[in-house]
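Participant: Quick one, structure for this:
(chains A and B)
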There are 2 protein chains.
Amino acid sequence: MDIEIVTIGTELLLGFTVDTNSAFAGTALAERGIRVVRRTAVADGAGEIRNAVAEALGRTGAVITTGGLGPTRDDISKQVVAELFGVPVEFRPEIWDRLVERYKRYDRTPSPSNRTQAEMPVGATELRNQWGSAPGIWLEGPQGLVIMLPGVPREMRNLLTHEVIPRLAGRGGGAPIRSRTLRTTAIAESILAERLGEVEAAIAPLTFAYLPEVTGVDLRLTAWGLPAEEADARIARAESYIRDRAGDHLYGADGTDLAAVVLDLARARQLRIAAAESCTGGLVSARLTAIPGSSEVVEGGVVSYANAVKVGQLGVAGALLDRDGGGPGAVSEEVARAMAEGAAQRLGASLTIGVTGIAGPGGGTPEKPVGTVWYATHFEGRTMATRQVHFGERDEIRARAAQMALYLLWRRLKG
Amino acid sequence: MDIEIVTIGTELLLGFTVDTNSAFAGTALAERGIRVVRRTAVADGAGEIRNAVAEALGRTGAVITTGGLGPTRDDISKQVVAELFGVPVEFRPEIWDRLVERYKRYDRTPSPSNRTQAEMPVGATELRNQWGSAPGIWLEGPQGLVIMLPGVPREMRNLLTHEVIPRLAGRGGGAPIRSRTLRTTAIAESILAERLGEVEAAIAPLTFAYLPEVTGVDLRLTAWGLPAEEADARIARAESYIRDRAGDHLYGADGTDLAAVVLDLARARQLRIAAAESCTGGLVSARLTAIPGSSEVVEGGVVSYANAVKVGQLGVAGALLDRDGGGPGAVSEEVARAMAEGAAQRLGASLTIGVTGIAGPGGGTPEKPVGTVWYATHFEGRTMATRQVHFGERDEIRARAAQMALYLLWRRLKG
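Facilitator: Model (predicted):
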């Protein structure tokens, strides 16, 4: 079954509101085999709403609208849709009574402007809204099916989940759309594409997409309309095709956070981790400690932004930091190594990382451009260092560097 | 001038990606009096893209597309639009040369699949993309105007701001929609609403909205279609009405980051800041060091996740941490104070903060529920402590705690 979404609201078009409802609806419907084939956002005007809904009905015969059901004057979508179906709007006392009841629970009384919320197009089914005051509307006729939901995210999501999807599934959605996302890091999209070769052909009829994120490139496999068992089997085969080729850049699937992967491996070996950070300024520790239960593994960290802290808290030799005195300077292999080793010694951690680089926008030189980062990991008595030059602006460079630091910790843990 | 946006990507329809680009574009265009009248999201299929772009051209004659310009095979929108305009696609060596140059800076070479990124419809103007590898495209003909931008948010935003809007503004937009957002923190929306009183009436015809964020409550003032000077004057009057009532919870306007406010004040007084963090695990340092130029102010920090690090790196007395021995425990006023004082002493910073709390999901008790956080600031020889119980899940508690830490640093700086 194909469906379109029409979101109604001038705020959305002006960009004052980010539309998160549509992403939720897309996923929830796809899981039941109902495919959202187009999404249209229009302003609160009657003409705009009418055209968008009529066009969508013309294409697919089924539309979900969100927004435009509140009591304020700019909310007119109910009237517009009733007109499209050639039916009047009627006041339904039982809806009004429930609204009065609901307000009473919060020691309030509805205002007269709320009365429009008890109005429904004649012939429409009320979708009872236990999460707010505007009921949803299910209206079906020769023109097709229009389902109207309020725009408030919690109300929209609950109505979709509990009232809309069960009804739609009853009319036989297609086979569900199943997908799996494989997560890679520390490898460029183009290199990954070369390694994967003719992946689309190899995994057909699944579809395949590269999704570049700041954490790396995600790879999405999607099975469209296959029976569930076949979809799962094909996804499993495609995953092993990709795993064979992506090698140790593939760290997990779906929502997996690389920080959690690192913590799991370290926890299994009863290791304690510490980070000594300069350019990432606490991000590596923040990524690790964002994971519940991280206190079992994370010993702590030092944000050695100033050179004095590198010396005082990590024991980095001052001569290394002194470029005028012939030292390699703060952004160097030597200092990254000294930071990792200092963190191990001073904090008593078994696996440590030192990160020092130039996040920009200032501080770059021809030999060490903005984005240059030295990393060193210390583990089992051995320190290993590597250099990267990261793309992007300050925020991106820092985010990429934190992810790279986690990747290097992961590699040491895997041995 | 009216324009439509067509976002291209199966991912968007399936809800795998939340569309944040469109909100940015809506706001940026509205500020210049260019009205986005419709937004359509379609899948990566040639037919879907062709129909959506052709329909939009039929309605408004001007379309911005986002997405579908990358080097992988699912990116076909360039070809589709060229066909709509009846022109072939040509390879442009100068675009390719810059791409090679760009890769070289990062010690890489583009792969053959990148060659399509140097292709443009004949007659199109290249919108130079300094932020990524896919150039934007400006194509104008009897069919109308199509502007194609990559979907990667940073690239899309920069191209829109620096290449598209200046060109569009040249053709005369209407009266701009102007808005200003005032940012508050460490005050609940309901308390703020009581303080502000009849704000809507006081500032009419501007409109007003409360926008609760994890960093605090933002307050948006909007002038709709007023002449620019009148809009600015009314917004300035409304701002002073609000500033008088919100008091020292209002820390800035529009995109202002509280971390930048703290850094500016500290820089002006030549102070050095350090954070000693337990439950926030590096987030306070990460917030501060995210701001360009923060190295002039941030000395460093200690992530004292384990008690051993609190003792070893910050000099917190072990007896305080030992609850079995009658100490108050790690989450206590005493330990927060000792962390702030230890950071001042060990790192040699003039303004420090200690943060220790329970981010959850585990670790809560009836006396110290999840969300309990103790803060202490140390400045000019005096340590001040306060306790908060933050709402939400782990990520939210940590984000709120980092913001509260910055708020407390700001309060100390203002005296």
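
Participant: State the helix or strand in which the residue of the stretch 101-250 of chain A found nearest chain B lies.
Facilitator: Residue of the stretch 101-250 of chain A nearest chain B, by Cβ to the nearest Cβ: A:S190 (3.9 Å). Any C-beta I mention is one placed from the backbone N, CA and C, and that applies to glycine too. Assigned by DSSP states H and E, A:S190 belongs to helix A:189-196.

Participant: so A:P292 sits right up against B:R394, yeah?
Facilitator: Yes: the pair A:P292 / B:R394 is scored as a contact, 5.9 Å apart, by Cβ atoms under 8 Å.

Participant: quick revisit: what's the helix holding A:S190 packed up against?
Facilitator: strand A:207-213, strand A:216-224, helix A:228-246 (3 or more Cβ pairs under 8 Å, 6 or more residues apart in numbering or on different chains; DSSP states H and E).

Participant: quick check: mean pLDDT across the following helix or strand past that helix?
Facilitator: The element immediately downstream of helix A:189-196 (helix or strand, assigned by DSSP H and E) is helix A:199-203. The pLDDT scores in helix A:199-203 average 93.

Participant: Just the buried residues of helix A:199-203, please?
Facilitator: Neighbour counts over helix A:199-203 (16 or more other Cβ atoms under 10 Å in any protein chain shown) mark A:V199, A:I203 as buried.

Participant: How about residues contacting that helix?
Facilitator: A:T207, A:F208, A:L221, A:R234, A:R237, A:A238, A:Y241, A:I242, A:R245, B:R73 (Cβ atoms under 8 Å, 6 or more residues apart in numbering or on different chains).

Participant: Just name the most buried of the helices and strands packed on helix A:189-196.
Facilitator: Sort those by mean neighbour count, taking mean count of other Cβ atoms under 10 Å in any protein chain shown, and strand A:216-224 sits at the top with a mean of 22.

Participant: relative to strand A:207-213, how tilted is that one?
Facilitator: Going by axes from the mean of the first three to the mean of the last three Cα atoms, to 10 degrees, strand A:216-224 is angled at 150 degrees with respect to strand A:207-213.

Participant: Would you mind giving the orientation angle of strand A:216-224 with respect to helix A:189-196?
Facilitator: 50 degrees.

Participant: who touches strand A:216-224?
Facilitator: With contact meaning Cβ under 8 Å, 6+ apart, strand A:216-224 is reached by A:35, A:177-189, A:192, A:203, A:205-212, A:230-231, A:234-235, A:238-239, A:242, A:246, A:249, A:403, B:10-11, B:14, B:16.

Participant: What of stretch A:375-389?
Facilitator: Applying Cβ under 8 Å, 6+ apart, the contact partners of stretch A:375-389 are A:333, A:336-337, A:339-341, A:343-344, A:350-355, A:369, A:371-374, A:401, A:404-405, A:408-409, A:411-413, B:105-107.

Participant: Tell me which of these fall in helices.
Facilitator: A:333, A:336-337, A:339-341, A:343-344, A:401, A:404-405, A:408-409, A:411-413, B:105 (DSSP state H).

Participant: about what we covered before: mind putting the helices and strands packed on helix A:189-196 in CSV, distance to B:I5 included?
Facilitator: Putting these into CSV (distance: least, Cβ to Cβ, whole Å) gives the following:
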stretch, distance to B:I5
strand A:207-213, 21
strand A:216-224, 24
helix A:228-246, 33
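
Participant: With distance to B:L288 and mean pLDDT as extra columns, can I get those in CSV?
Facilitator: Formatted as CSV, the helices and strands packed on helix A:189-196 follow (distance: least, Cβ to Cβ, whole Å; pLDDT from 0 to 100):
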stretch, distance to B:L288, mean pLDDT
strand A:207-213, 25, 84
strand A:216-224, 26, 90
helix A:228-246, 36, 95
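
Participant: Sketch out the low-pLDDT regions of chain A for me.
Facilitator: Residue ranges of chain A with pLDDT under 70: A:70-75, A:106, A:172-174.

Participant: The stretch 301-415 of chain A against chain B: which residues are in contact?
Facilitator: Proximity of the stretch 301-415 of chain A to chain B (Cβ under 8 Å from any Cβ of the partner chain) is limited to residues A:301-306, A:308-309, A:312-313, A:346-348, A:359-362, A:369, A:371, A:389, A:391-396, A:398.

Participant: need the residues of the stretch 151-300 of chain A near chain B, please.
Facilitator: So far as Cβ under 8 Å from any Cβ goes, the stretch 151-300 of chain A lies against chain B at A:177, A:179, A:181, A:188-191, A:193-194, A:200, A:207-212, A:220, A:222, A:272, A:275, A:277, A:280-286, A:288-290, A:292-295, A:298-300.

Participant: Pull out the buried residues from these.
Facilitator: Buried among those by 16+ other Cβ under 10 Å: A:177, A:179, A:181, A:188-190, A:193, A:207-212, A:220, A:222, A:272, A:275, A:277, A:280-286, A:288-290, A:292, A:294-295, A:298-300.

Participant: What is the neighbour count of A:A317?
Facilitator: Residues lying near A:A317 (other Cβ atoms under 10 Å in any protein chain shown) number 14.

Participant: ok, now which ones touch it?
Facilitator: A:V311, A:A338.

Participant: How far does stretch A:307-321 stretch from one end to the other?
Facilitator: End-to-end distance for stretch A:307-321: 7 Å, by Cα to Cα, to the nearest Å.

Participant: what does stretch A:125-137 give?
Facilitator: Terminal residues of stretch A:125-137 lie 6 Å apart, using Cα to Cα.

Participant: got the contact list for it?
Facilitator: Residues contacting stretch A:125-137 (Cβ under 8 Å, 6+ apart): A:69-71, A:78, A:81, A:92, A:95, A:99, A:102-103, A:110, A:114, A:117, A:120-121, A:124, A:138-139, A:146-150, A:152, A:154-155, A:158-159, A:163-164.

Participant: Go through it and flag the buried ones.
Facilitator: A:E126, A:L127, A:N129, A:G132, A:S133, A:A134, A:P135, A:G136, A:I137.

Participant: Dump the helix or strand that contains A:V81 to PDB, keeping only the CA atoms.
Facilitator: Using DSSP H and E, A:V81 sits in helix A:77-84. Provided in PDB are the C-alpha atoms of helix A:77-84 (Å, rounded to 0.1, in the frame of the first residue of the first chain):
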ATOM      1  CA  SER A  77      -7.600  21.900   7.500                       C
ATOM      2  CA  LYS A  78     -10.700  20.000   8.800                       C
ATOM      3  CA  GLN A  79     -13.000  22.300   6.900                       C
ATOM      4  CA  VAL A  80     -11.000  22.100   3.800                       C
ATOM      5  CA  VAL A  81     -10.900  18.300   3.700                       C
ATOM      6  CA  ALA A  82     -14.700  18.100   4.400                       C
ATOM      7  CA  GLU A  83     -15.300  20.400   1.400                       C
ATOM      8  CA  LEU A  84     -13.100  18.200  -0.700                       C
END
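
Participant: Helix or strand next in line after that helix, which one?
Facilitator: Downstream of helix A:77-84 (by DSSP H and E), the next one is strand A:89-91.
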